[in-house]
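Colleague: the following block contains a protein sequence and its predicted model.
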Amino acid sequence: MGSCQESTRLGLRLAVMMLACGAAGARCDDAFMPIADVKKLSSGEGDRGPPVRIRGVVTWRWQPRHVHCIVQDETGGIWINIVASREQKIWAGDDADLERIVVGDEVEIEGRLEPGGYAPNVLPISIRSLGRRPLPTPIEVDDAGFFSGYVHLRRIVVEGVVQGFRDAGEEGWLLLMERSARPFVAKVPRSAAADPSATLVDATVRLTGVVGTVFNTRGQYLHPSLHVGSAMEVEILELPPKPFGIAFTPLEGLAHFGSAPPGGHRVRTEGTVSYAVPGECFYVQEGSTGVRVAVRQREVPRPGDQVEIAGFIDRSRDFAGLAEAVYRVVGRVNPPDPRRLSPAQILEISRRARAKGQMAQPGDFDGCLIRFSAMLIDSRNTPEGALLLLDSAGESVTARLSREQSGRLPPLESGSVVDVTGILQIDLGERFRARPANADIGNGSVIDRLTLLIPSATDVSVIKSAPWWNARRLSIALATLAAVLVATIGWLGLLRRQVAVQSLRLAGEMQQRRDAAVEFQASLRERNRLAANLHDTLLQSLAGAGFQLDTCRRAVARADLGDTSDHLDVARRMLKHAVEELRGSVWALRTMPMAGQSFYDAVVALVAHLGSGHAAKISVSAEGEPFGIPNFVAGNLLLVAQEAIRNAIHHGHPDAVDVLVAYDAVARQIRVSVADDGGGFAVGNEAGPAQGHFGVQGMRERIGSLGGTLQIDSRPGEGTRITAVITTPAYDAELEQPAEEGGKPDTLP
């Protein structure tokens, strides 16, 4: 509650000062807020980005691109995030002036506050240089202030031991430091040391710089970091001692109780190499004590080498090792023999030691070569190498083998019993670290995980093959059966859907063709009725008119009323022409049914009738094996062919018209093609119903009702080809209904 009220007061104070300066129209010193007060603003206010004005000295700039800087006044330091300001389009200053700002410049900054990753930052709107000023005097800090992050971004002086380094490229050297047995890092210019391994590692140094923090993505503090701006701020208090001239510590005595603080310097020990990883580490062993030694050089000793080692105590694991070590070979013996110990025995040794609050006897065997038999539960290859999951009398062990050696492993199957040799790694887990040493742990083990580092493929041997019928094969069989069952159910569901879809489609087609058949039969009956009516009425009337004209002509001739024969001849010719036209219409209406003849014969008869009296030569041909065609299909095709031939004769004025009837008995498909060499036309621009022409539309509708296709190919001056294709399914026979024949019309005169 108190912190919220304090933040509110700070915010109000800042707002009042900004308004006062704005009203005065000029800069006033009171408007500049102390950096310590700015950093006390709550994260909520920081999220809203309140405006801030600060004045201070640049104590650090990120090399080499000068995209960030740190500014400090008498109360504290703060991070100026220029990159984020540009990304959020807040920066409105002069980039050229910004590039000229260096460490030691006093600056005035106007900007907005943001929460930052650990502490509040400033997103600058503008930065104005006021000239050179002395850097703030560095302060001496105790361990509590240094390792808590309290002096964040202030210039400080700190002492420590350099325990290693990394090359940070253009930013210089990254020193791995220790102070009061606690780690931190420091960035120093490259000019501070040409070879840090010779001049800085294991030296006690005094550093002056700006203290920062290493934090995680939750904004949680991890450990301090120091930014040193120049080589002059790196002072060597104690030169590094000669690595192999320091006091000797037995391997089993590393990190044990001592009467004086260790001071963070190297320790010297020796042992026999049991396992080595080039460019990374090696293990040394004496009796039942094994230690991991991390080195920087690529070349490592061989198993069996006796080595003298100087390195820093590494507490990153549950068992102390050595880091940033140097070594020299002092002899050669046989590699240590693996101790045959089961995981259960190792757990029991650990349990007894913890129960008594004493060291394990004869040892815990972490880092030592051991050998035991176990059942292989699973094996897999990873980018780092082979991974084996083992079970030894109910205790699980994870075994690892390098990628180079994994390809040389013998064939391994789950369920087989193997004998393995390797370096043991023990992870005690959080339960051990959180429990006091003298706490009652009952019969439980403090070991959380056992890992075995296998040196080579020859250290894995199969002593009993896996049974043929095992859990893996059973799971494969069950999975296969389940997959087949799922696939069968899926296939049945898919088949059912396909049957339903095909049934609906077939029912639709049958209904469509049934409608076409019914329409054709109805049309056929109507045509027969019309043909009879025309024959009985109109044709008889026209014939009678002709007879009356003949009588009139004879009467006129007897009365000698003048020569009217020319007029009467004209009248008779007109009547004769009408009679012929009407006879043709009646023929067309009456003769569409097949009447027992083949479809081809019906087409020939149609062509013979339509070609009478026209100059164009009409020919008919057929190809393929004929098959039975239902009457309603044949009738519709004849009507389409009749319309196509008539259109060719009347509109194309061709010299020749070719009619082709093509059969495909296998596919039950019939194709009728009418081609002429007449004038042709542009397809799509032909006259339609809007112009009173229904021929082409009628043809499309007839063929479409039967599920067929009608294609028209034509170009002006190149003739026309009309092709109709219809497939006749087997069920067409069921749709066929005999037409009502009625009475046959009398022969026309």
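Modeller: Nice, thanks for sending it over.

Colleague: helices and strands around the host helix or strand of residue 164, which ones?
Modeller: Assigned by DSSP states H and E, residue 164 belongs to strand 155-167. Applying 3 or more CB pairs under 8 Å, 6 or more residues apart in numbering; DSSP states H and E, one finds that strand 155-167 makes contact with strand 139-140, strand 173-179, strand 182-188, helix 196-199, strand 204-215, strand 321-332. Backbone N, C-alpha and C define where each C-beta goes, glycine included.

Colleague: please identify the buried residues of the last one?
Modeller: It stands for strand 321-332. 321, 322, 323, 324, 325, 326, 327 (16 or more other CB atoms under 10 Å).

Colleague: same check on the fifth one?
Modeller: For strand 204-215, a neighbour-count test (16+ other CB under 10 Å) marks 204, 205, 207, 208, 209, 210, 211, 212, 213, 215 as buried.

Colleague: re the thing from before, quick one: mean pLDDT for the strand holding residue 164?
Modeller: Mean per-residue pLDDT for strand 155-167: 95.

Colleague: sorry, back to before: dump the helices and strands packed on strand 155-167 to a markdown table, plus distance to residue 390.
Modeller: Shown next, in a markdown table, are the helices and strands packed on strand 155-167 (distance: least, CB to CB, whole Å):
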| stretch | distance to residue 390 |
| --- | --- |
| strand 139-140 | 55 |
| strand 173-179 | 36 |
| strand 182-188 | 35 |
| helix 196-199 | 40 |
| strand 204-215 | 38 |
| strand 321-332 | 24 |
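
Colleague: between those, which gets nearest to residue 121?
Modeller: strand 204-215 (12.3 Å; CB to CB).

Colleague: what would the helix or strand just after the closest one look like as PDB? C-alpha coordinates only.
Modeller: Heading C-terminal from strand 204-215, the first helix or strand you meet, by DSSP H and E, is strand 221-227. Taking C-alpha atoms only, strand 221-227 is exported to PDB below (Å, rounded to 0.1, in the frame of the first residue of the first chain):
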ATOM      1  CA  TYR A 221      17.400 -11.500 -11.100                       C
ATOM      2  CA  LEU A 222      19.900 -14.300 -11.500                       C
ATOM      3  CA  HIS A 223      23.400 -12.800 -10.900                       C
ATOM      4  CA  PRO A 224      25.300  -9.500 -11.500                       C
ATOM      5  CA  SER A 225      27.300  -8.500 -14.500                       C
ATOM      6  CA  LEU A 226      29.800  -5.700 -14.800                       C
ATOM      7  CA  HIS A 227      30.500  -3.500 -17.900                       C
END
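
Colleague: so residue 408 sits in a strand?
Modeller: No: counting by DSSP: H, G, I helix; E, B strand; the rest coil, residue 408 is not part of a strand but coil.

Colleague: wait, isn't it in contact with residue 455?
Modeller: No: between residue 408 and residue 455 there is no contact under CB atoms under 8 Å: 11.9 Å.

Colleague: give me the more crowded residue out of these two.
Modeller: residue 455 (20 against 12; other CB atoms under 10 Å).

Colleague: could you find the closest non-adjacent residue to that one?
Modeller: The shortest distance from residue 455 to any non-neighbouring residue, by CB to CB, 6 or more residues apart in numbering, is to residue 275 (5.2 Å).

Colleague: next up, the contacts around that neighbour.
Modeller: 282, 283, 303, 369, 422, 423, 453, 455 (CB atoms under 8 Å, 6 or more residues apart in numbering).

Colleague: domain-wise, how is this protein divided?
Modeller: As assigned by automatic domain parsing, the chain contains the domains 2-132, 139-238, 243-332, 339-464, 597-735.

Colleague: distance from the fourth one to the middle of the chain?
Modeller: What separates the centre of domain 339-464 from the centre of its chain is 39 Å, taken as CA atoms, centre = their mean, to the nearest Å.

Colleague: please begin residue numbering at 52 from this point
Modeller: I'll keep to 52 as the first residue from here, and by that count the last item is domain 390-515.

Colleague: pull up the distance across it, start to finish.
Modeller: 21 Å (CA to CA, to the nearest Å).

Colleague: hmm, back to that, and which of the buried residues of strand 255-266 is nearest to residue 188?
Modeller: Closest to residue 188 out of the buried residues of strand 255-266 is residue 259 (10.2 Å), distances taken as CB to CB.

Colleague: any idea how far the residue nearest to the closest one when sequence neighbours are not counted lies from residue 111?
Modeller: Spatial nearest neighbour of residue 259, excluding adjacent residues (CB to CB, 6+ apart): residue 284 at 4.0 Å. In this view, residue 284 and residue 111 are 11 Å apart by CB to CB, to the nearest Å.

Colleague: centre of the chain to stretch 267-286, how far?
Modeller: That offset, for stretch 267-286, works out to 39 Å (CA atoms, centre = their mean).

Colleague: I'd like the average pLDDT over that stretch.
Modeller: On average, stretch 267-286 scores 91.

Colleague: what does stretch 500-510 give?
Modeller: Averaged across stretch 500-510, pLDDT comes to 93.

Colleague: cool, stretch 242-253 as well?
Modeller: 93.

Colleague: for that stretch, which positions count as buried?
Modeller: For stretch 242-253, a neighbour-count test (16+ other CB under 10 Å) marks 243, 244, 247, 248, 251, 252, 253 as buried.

Colleague: quick one: which of the helices and strands packed on strand 206-218 is nearest residue 766?
Modeller: strand 255-266 (80.7 Å).

Colleague: and the closest one, C-alpha only, in PDB?
Modeller: Output of strand 255-266 as PDB, limited to C-alpha atoms (Å, rounded to 0.1, in the frame of the first residue of the first chain):
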ATOM      1  CA  THR A 255      42.800 -11.300  -8.300                       C
ATOM      2  CA  VAL A 256      41.600  -8.200 -10.100                       C
ATOM      3  CA  ARG A 257      39.900  -4.900  -9.100                       C
ATOM      4  CA  LEU A 258      37.300  -3.800 -11.700                       C
ATOM      5  CA  THR A 259      35.600  -0.400 -12.100                       C
ATOM      6  CA  GLY A 260      32.500  -0.300 -14.200                       C
ATOM      7  CA  VAL A 261      28.700  -0.100 -14.500                       C
ATOM      8  CA  VAL A 262      27.000  -3.000 -12.700                       C
ATOM      9  CA  GLY A 263      24.200  -4.700 -14.700                       C
ATOM     10  CA  THR A 264      22.100  -7.800 -14.200                       C
ATOM     11  CA  VAL A 265      21.600 -11.200 -15.800                       C
ATOM     12  CA  PHE A 266      17.900 -11.900 -15.600                       C
END
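
Colleague: which regions of the protein lie under the pLDDT threshold?
Modeller: By pLDDT under 70, the low-scoring segments of the chain are 52-81, 93-99, 114-117, 310, 480-497, 521-523, 568-569, 572-647, 739-745, 784-800.

Colleague: which residue packs closest to the spatially most central residue of it, ignoring adjacent ones?
Modeller: In the chain, the centroid-proximal residue (CA atoms, centre = their mean) is residue 434; its distance is 22.1 Å. Among residues not flanking residue 434 along the chain, residue 454 sits closest, at 7.3 Å (CB to CB, 6+ apart).

Colleague: on that earlier part again, what's the farthest-apart pair in the buried residues of strand 372-383?
Modeller: Among the buried residues of strand 372-383, the pair separated by the greatest distance (CB to CB) is 372 and 377, at 14.7 Å.

Colleague: shared neighbours, residue 284 and residue 111?
Modeller: Common contacts of residue 284 and residue 111 (CB under 8 Å, 6+ apart): residue 260.

Colleague: for those two, indicate the residue with more neighbours.
Modeller: Neighbours were tallied for residue 284 and for residue 111 using other CB under 10 Å; the higher tally belongs to residue 111 (23 against 19).

Colleague: before we move on, which element is that one in?
Modeller: With DSSP H and E as the test, residue 111 turns up in strand 102-112.

Colleague: same thing with residue 502?
Modeller: Here residue 502, judged by DSSP H and E, is contained in strand 500-505.

Colleague: distance of residue 193 from residue 343?
Modeller: 33 Å.
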